[in-house]
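Kindly return the folded structure for what I paste below:
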Amino acid sequence: MPVIIERGPVMSRIVTPLPEAINKAVQEITRYRPEGYQFMPSYKAGTWDGYISLYRSRNGIPRTYPTGLEENVVEAIKKFGSPIELHDASPKGFEPKDLLVADAPEEITLRDYQVEAIDAALSKKRGIVQLPTGTGKTITMAETIRQIGRGNVLIVVYHSKDLLHQTASVMRNYLRMPVGVIGDGKIQLEAVTVAISDRLQRELKKPNKDIVNWLKDVYAVCVDEVHHIRAETVQACANACANAVYRLGFSGTPFRDQGDDLEIQGALAGKVYSKSLTWMVDRGYLCQPVLYRIEVDASGWTIPPGEELDEVYDEFDDGGGRKSKEFMHFQRKYIWENEHRNALIARWAMSLVDKGYRGLVMTTNIEHGRRISELIPGSVFVHGKDSSSVRREVLKDLEEGVSDVVVCTTIYNEGIDCPPASFIIPAQPYRSNVITIQQQGRVLRPYPGKDRAILVDIVDLGNKWYPKQGKARMKYYESEPAITRFMKKKSAKLLGG
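All right, here's what the predicted structure looks like:
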């Protein structure tokens with residue numbers, strides 16, 4: 001007797017009752033443990049096994065799972081020798097209209113790997129295209145949309161107003177048609193519309209009937225920076241497009257490093273095409289990175305017993321899935337307000353400018369950024385409270401040589417094109433590989449006269465938290481030979497402390 005599966009756009013249903021052994025196998029490959037589960041009270045109390053299951057049932061039948069996990073589920077069932085029948089359960093009667101798009105622009109020649117990625121996306125209809133930052137991901141998405149050529153198209157971006165406008169601009173220029181936006185105070189619906197996910201979700205909750213009706217005609221959902229798909233807002237936006245046949249993700253970092261990659265795969269499916277940073281560097285599509293690992297003796301960084309901790313930081317995540325007031329207090333004291341460490345960062349930035357480089361110093365805290373900017377003559381500081389026009393103007397000034405150093409918060413972490421930038425100094429230590437990859441992507445794009453990009457990684461040794469974060473970053477670097485082949489380790493002392 002075959003196992004019958006009804007495949008829906010969002011969820012799929014196993015119609016046939018499964019033998020216990022097969023059912024357990026499916027359960028096993030559709031669950032995961034989130035990072036930090038072992039520290040959660042329910043796990044410690046023995047009331048939860050630490051797993052989040054994406055395989056759900058009511059009274060045993062029907063059993064449902066996110067359609068993106070179909071390949072995993074089918075493989076698990078086939079191991080028991082059971083035949084499988086896949087039935088399309090997509091809504092009937094949906095006839096998408098043709099998009100009025102022009103031919104591909106003659107002035108743009110797609111690279112071979114972009115053509116391969118587009119072919120894979122069109123063939124599979126759902127899945128993730130992984131291309132390193134700076135290798136034409138948005139153009140690849142635009143040509144994919146042009147070749148789909150039907151229905152409404154929703155392009156979801158995560159939280160950045162800069163990314164919203166930049167993506168919409170690329171789409172208009174490439175497709176040569178009006179492109180709408182939802183976000184940054186605007187709601188403009190066109191056949192192709194770019195939306196900030198949380199703004200779109202707010203409109204769905206109202207509900208905004210115009211948007212709800214528009215989503216019914218969406219034939220293709222494209223999620224940019226797909227590692228954010230785990231966020232509730234992005235999930236809601238994708239799920240609202242019940243008729244979408246194409247569900248595609250595009251990113252240089254499609255999977256997070258927080259244990260919940262299965263959620264991403266469930267929403268879209270696995271990778272359908274992938275190229276590494278090293279592959280791109282070796283073929284000249286990205287600049288050669290030169291990594292400086294600056295090792296700082298931070299063994300004296302401690303919180304004395306009895307020192308009062310900052311109440312405002314009670315809910316901060318220490319990067320390992322745990323809430324830690326102690327870590328946030330530690331970070332403020334030894335990272336944000338550490339004048340000697342900030343001076344080290346400023347010295348490195350100024351020395352690189354003296355050698356003809358220009359670039360970015362990045363942090364997460366406005367006050368921290370302001371402190372560093374004050375130490376770098378001629379630098380410009382920009383943060384999330386600045387308008388989109390101000391942010392764009394800052395990048396333009398960097399490109400034209402009006403300024404050589406931009407100190408910024410996380411607003412420039414993702415999706416921003418700034419090819420003239422040739423060095424980056426993260427002032428904030430990170431454990432996340434996603435953040436590391438996205439930040440270095442700001443400076444790896446080729447530009448006339450630029451043959452290398454300087455990556456400065458400050459490793460604060462000898463304390464409770466930051467050496468572990470440095471090791472996590474090093475593990476990523478070692479996975480990319482293009483980075484480690486020109487890595488230089490240096491020791492540094494914090495002058496005066």
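
Tell me, how many residues neighbour residue 112?
8 (other Cβ atoms under 10 Å). Glycine gets a C-beta too; all of them are placed from N, C-alpha and C.

And for residue 74?
The local packing of residue 74 (other Cβ under 10 Å) involves 15 other residues.

So it belongs to a strand, correct?
No. Counting by DSSP: H, G, I helix; E, B strand; the rest coil, residue 74 falls outside a strand, being helix.

and it, what does it touch?
Each residue near residue 74 by Cβ atoms under 8 Å, 6 or more residues apart in numbering is listed here: 5, 84, 86.

which one of these has the most neighbours?
In terms of neighbour count, residue 5 stands highest of those at 23 neighbours, by other Cβ under 10 Å.

Please state the backbone phi and psi of that one?
Here is the backbone geometry of residue 5 (degrees, to the nearest 10): phi -120, psi 130.

Next one: it relative to residue 26, how far apart?
According to Cβ to Cβ, to the nearest Å, residue 5 and residue 26 sit 11 Å apart.

Find residues that contact each of those two.
14, 73.

ok so, going back, tabulate the contacts of residue 74 (CSV), appending pLDDT and distance to residue 200.
Putting these into CSV (pLDDT from 0 to 100; distance: Cβ to Cβ, whole Å) gives the following:
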residue, pLDDT, distance to residue 200
5, 93, 30
84, 92, 35
86, 92, 31
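
Quick one: these as a markdown table, columns for distance to residue 107 too.
Below are those laid out as a markdown table (distance: Cβ to Cβ, whole Å):
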| residue | distance to residue 107 |
| --- | --- |
| 5 | 46 |
| 84 | 47 |
| 86 | 43 |
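
from those residues, which single one is nearest residue 38?
Residue 38 has its nearest neighbour among the contacts of residue 74 in residue 5, at 34.1 Å by Cβ to Cβ.

So residue 71 versus residue 173, what's the distance?
From residue 71 to residue 173 the distance is 36 Å (Cβ to Cβ).

ah, wrong one, I meant residue 83
Separation of residue 83 from residue 173 (Cβ to Cβ) stands at 49 Å.

okay, these two: which has more neighbours?
Taking other Cβ under 10 Å, residue 83 and residue 173 do not tie; residue 173 has more neighbours (13 against 10).

mind listing what that one touches?
By Cβ under 8 Å, 6+ apart, residue 173 lies in contact with residue 105.

And it, which helix or strand is it part of?
helix 161-175 (DSSP states H and E).

now for the helix or strand residue 213 falls within, which elements pack on it?
Under the criterion of DSSP H and E, residue 213 resides in helix 209-216. When contacts are defined as 3 or more Cβ pairs under 8 Å, 6 or more residues apart in numbering; DSSP states H and E, helix 209-216 packs onto strand 152-157, helix 197-205.

same question for whichever helix or strand comes after it, mean pLDDT?
Counting by DSSP H and E, the next helix or strand C-terminal to helix 209-216 is strand 218-224. The average pLDDT for strand 218-224 rounds to 92.

same thing with stretch 63-72?
The average pLDDT within stretch 63-72 is 91.

Where does residue 134 fall, secondary structure wise?
Assigned by DSSP H and E, residue 134 belongs to neither a helix nor a strand.

burial of it, as a residue count?
Using other Cβ under 10 Å, residue 134 is surrounded by 23 other residues.

Same question for residue 103.
7.

Could you confirm it falls within a strand?
No. Counting by three-state DSSP, residue 103 is not part of a strand but coil.

any idea how far residue 176 is from it?
9 Å.

what does residue 439 give?
In this view, residue 439 and residue 176 are 33 Å apart by Cβ to Cβ.

Helices of the stretch 301-450 of the chain, start to end?
325-331, 339-354, 366-375, 388-400, 433-440 (DSSP state H, counting those that start in this stretch).

Start and end of stretch 459-472, how far apart?
Length of stretch 459-472, first residue to last, Cα to Cα, to the nearest Å: 11 Å.

Can you tell me what sits against that stretch?
By Cβ under 8 Å, 6+ apart, stretch 459-472 touches 257, 293-302, 318-319, 327, 330, 334-335, 341, 429-433, 457, 473.

ChimeraX command to pick out the buried ones of these?
Selection command for ChimeraX covering only the buried members of the contacts of stretch 459-472, criterion 16 or more other Cβ atoms under 10 Å:
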select :257,293,294,295,296,298,301,318,319,327,330,334,335,341,429,430,431,432,433,457,473
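
Low-confidence stretches in the stretch 51-200 of the chain?
58-62, 90-93 (pLDDT under 70).

List the contacts of residue 70.
Counting by Cβ under 8 Å, 6+ apart, residue 70 touches 5, 7, 12, 86, 269.

Moving C-terminal from the helix or strand encompassing the fourth one, which element do we reach first?
Residue 86 is located in strand 84-88, with elements delineated by DSSP H and E. On the C-terminal side of strand 84-88, the nearest following helix or strand under DSSP H and E is helix 112-124.

now the angle between strand 218-224 and the helix holding residue 173, please.
For helix 161-175 against strand 218-224, the angle by axes from the mean of the first three to the mean of the last three Cα atoms, to 10 degrees is 130 degrees.
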